[in-house]
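In: Could you look at this predicted model? Sequence included:
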Amino acid sequence: MGENTQRWNELAAQISVDSIRATTAAGSGHPTSSMSMAHLMAVLFADHLRFDVKDPHYRGNDRFVLSKGHAAPGLYATLKAAGAFDDDMLMSLRREGSPLQGHPAPIKEMPWVDVATGSLGQGLAAGLGMALAMRMDAVEARVWVMLGDSEMAEGSVWEAMEATAFHDARNLTAILDLNRLGQRGPTMHGWHANVFRDRALAFGWNAIEIDGHDVDAIDSAYTEAVADERPTMIVARTEKGHGVSFLADKEGWHGKAVPADKLDAAIGELGGDRHIRCTPPAPIDVAPPATFTPSSVERPSYDAPIASRKAFGEALAWLAATDRDVVVLDGEVGNSTYTEDAAAVAPDRFVQMYIAEQCMVGVQTGLQALGKKAFAATFGAFLIRAADQIRMGTVSRADLRLCGTHAGVSIGEDGPSQMAIEDLALFRALAGSTVLYPADGPSTVALTEAMNTLEGISYLRATREATNVLYGADEAFPIGGSKTLAAGDEDDVTLVGAGITLHECLAARDLLAADGITARVIDCYSVKPIDATTLRTALDDTGVVIVVEDHRVEGGLGAAVLEALAATGELRGRVRTLGVTGVPGSATPTELRAWAGIDADAIAEAARNELGR
């Protein structure tokens, strides 16, 4: 046995022991899933992952993503060995206030983690995003992603496999911990490593099949992966609970800590407690970023009708031309979302993800982890397919800038499969999210510009139809604000709209004026945070507020208005929401708004009814 062999095996044993110790102290966790990857982690961190533990955000670092996030104890044990923190912190696993959460998350106290994992099937796409960010910055670092065999049933993994090969991300290596057992028993393919080797080859990857507890074979595989001109998948056959007789390859231990009365026996079989330290190889030196010369693209301005989706694309192209960190991702609808405008001015920062929305958001998460201002756009209805990736973005504290076009029944003849009528509910429910819904070209440009500096998840809802220009090019649209387009001291009713319904509210105001009814009209372009003060004043002044939205009545603008009013005091007056309540079909936008009861005629009729006129 060589010196390196013994060193790696000792470190792997320590990782397993520490995984057991920490989870037993916590009374929960996944020690056996950590033990199956212990040798893979030991060789990687000791001799292949070029990483400065003291400067985890250094641009030249290699990156590691634990896609099988439930094996967090193994990652934490490895980081402890690398000098990231001490044993006391390791033993705080899963305790209230500890940065060592049950699954990894990139909180302030855990800077060695770049993206949150634990919802399986997402790590490879995030790793691809990081690999692409490195390429854009001409940084010759690498990304290593540890996958679990259970998550290989997720379609999002195979979206990422194909995208990685298509984008020639040769600086990405995936390590498949093939330990045979999932949560409730054997996995779909067990130890049939050839299944995943052959699939990886079919997707255009290099593929290596090894014994995942043979450290010399692991070392050779890592060396080959770096040398190959393709992305590499290492399929490593391992044992869950390896090294402890009553755990190794035994069912019923997933997610269970070793009982205290068996702790000494388990540690004894692994050779006892150790206090090994390892120093990962030094990262590469990285030159300062090359000089960036902004293009001479002017900020868009409009004085004629334009669709907000088109204004978004033009605003995004302007941002990409003037900000080196803006990256644009498209779900193969760039000629409808107009992200193709950004592709024209910054092709090296445009990433075509095709019809793979889950992968698109995962890649976006990886890009922003390395400092990119990543915008992703597709039809609003299709973004919902990536709801879990978006939800996990909040756990990653990710800055995700998303645009959903073709919102509401107003898309018309394409029919209900293409209509985003539940999207506001999703994005409003996310922690710390910002939800924006512009009604014309100038407001779209201003809000897209604002998104470029927003933290957290921001969502801009865009309309398919061209709409009249309501605002000047220099109008300010602060986040959390609103615009009152018509107001007087004797207003009878308040009409609240956003996006396309704002124009219907303005038309309804004219209809009501012919009946002697004066309507105040409010543009709630910021759906979250919402302008509660203006809404409360309107309710107090007029006594009747009618909210109109091209969205399901559940969870959208109407719900946001009601929640805001309820939070500001007693509801003295009446609030009514007009929105989509049934399942639409194909018709013209005008016909569908009438069907849904959100056109000007329906709004005016609702106002007359509320006022008893």
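Out: Here it is on my side, so go on.
In: Longest strand of the protein, counting residues only.
Out: In the chain, taking DSSP state E as the definition, the longest strand is strand 544-552.
In: Partner strands of that one, with direction?
Out: In the sheet, strand 544-552 lines up against strand 493-497 (parallel), strand 574-580 (parallel) (DSSP bridges).
In: Tell me which of those sits most buried.
Out: Highest mean neighbour count among the strands paired with strand 544-552 (mean count of other C-beta atoms under 10 Å): strand 493-497, with a mean of 29. All C-beta spots, glycine's among them, are computed from the backbone N, C-alpha and C.
In: Would you pull up how far stretch 440-455 lies from the middle of the chain?
Out: On the basis of C-alpha atoms, centre = their mean, to the nearest Å, stretch 440-455 sits 20 Å off its chain's mean C-alpha point.
In: pLDDT averaged over it - what is it?
Out: The average pLDDT for stretch 440-455 rounds to 98.
In: List the buried residues for that stretch?
Out: Judged by neighbour count using 16 or more other C-beta atoms under 10 Å, the buried positions of stretch 440-455 are 440-452, 454.
In: ok, now stretch 553-566?
Out: Buried, per 16+ other C-beta under 10 Å, within stretch 553-566: 553, 555, 556, 557, 558, 559, 560, 561, 562, 564, 565.
In: Show me the residues you listed that map onto helices.
Out: Among the buried residues of stretch 553-566, the members falling in helices (DSSP state H) are 557, 558, 559, 560, 561, 562, 564, 565.
In: Which strand or helix spans residue 11?
Out: helix 3-26 (DSSP states H and E).
In: who touches the next helix or strand after that helix?
Out: Per DSSP H and E, the first helix or strand lying C-terminal to helix 3-26 is helix 31-36. With C-beta atoms under 8 Å, 6 or more residues apart in numbering as the test, helix 31-36 has contacts from 15-16, 19-20, 23-24, 68, 70-75, 77, 148, 177, 179, 212, 238-244, 247, 253-254, 256-258.
In: Give me the subset of the residues you listed lying in strands.
Out: Those of the contacts of helix 31-36 mapping onto strands are 148, 177, per DSSP E.
In: Mind giving me the PyMOL select for the contacts of helix 31-36, buried ones only?
Out: Here is the PyMOL command that selects only those of those that count as buried (16+ other C-beta under 10 Å):
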select buried, resi 15+16+19+20+23+24+68+70+71+72+73+74+75+77+148+177+179+212+238+239+240+241+242+243+244+247+253+254+257+258
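In: and residue 493, how far is that from residue 335?
Out: Going from residue 493 to residue 335 by C-beta to C-beta, to the nearest Å gives 41 Å.
In: And residue 49, by the same measure?
Out: Going from residue 49 to residue 335 by C-beta to C-beta gives 41 Å.
In: Please name the residues that touch the residue lying closest to residue 366 once chain neighbours are set aside.
Out: Nearest residue to residue 366, sequence neighbours excluded (C-beta to C-beta, 6 or more residues apart in numbering): residue 129, at 2.2 Å. Residues counted as contacts of residue 129 (C-beta under 8 Å, 6+ apart) are 362, 363, 364, 365, 366, 367, 368, 369, 370, 374.
In: how many other residues sit next to the third one?
Out: Residue 364 has 31 neighbouring residues, counting by other C-beta atoms under 10 Å.
In: What helices and strands are in contact with the helix or strand containing it?
Out: Assigned by DSSP H and E, residue 364 belongs to helix 357-369. Where contact means 3 or more C-beta pairs under 8 Å, 6 or more residues apart in numbering; DSSP states H and E, helix 357-369 is packed against helix 123-136, helix 155-166, strand 326-330, strand 373-379, helix 380-383, helix 387-395.
In: Quick one: distance of whatever helix or strand comes next after the last one to the chain centre.
Out: The one in question is helix 387-395. Counting by DSSP H and E, the element after helix 387-395 in chain order, helix or strand, is strand 401-405. The gap between where strand 401-405 is centred and where its chain is centred comes out at 12 Å by C-alpha atoms, centre = their mean.
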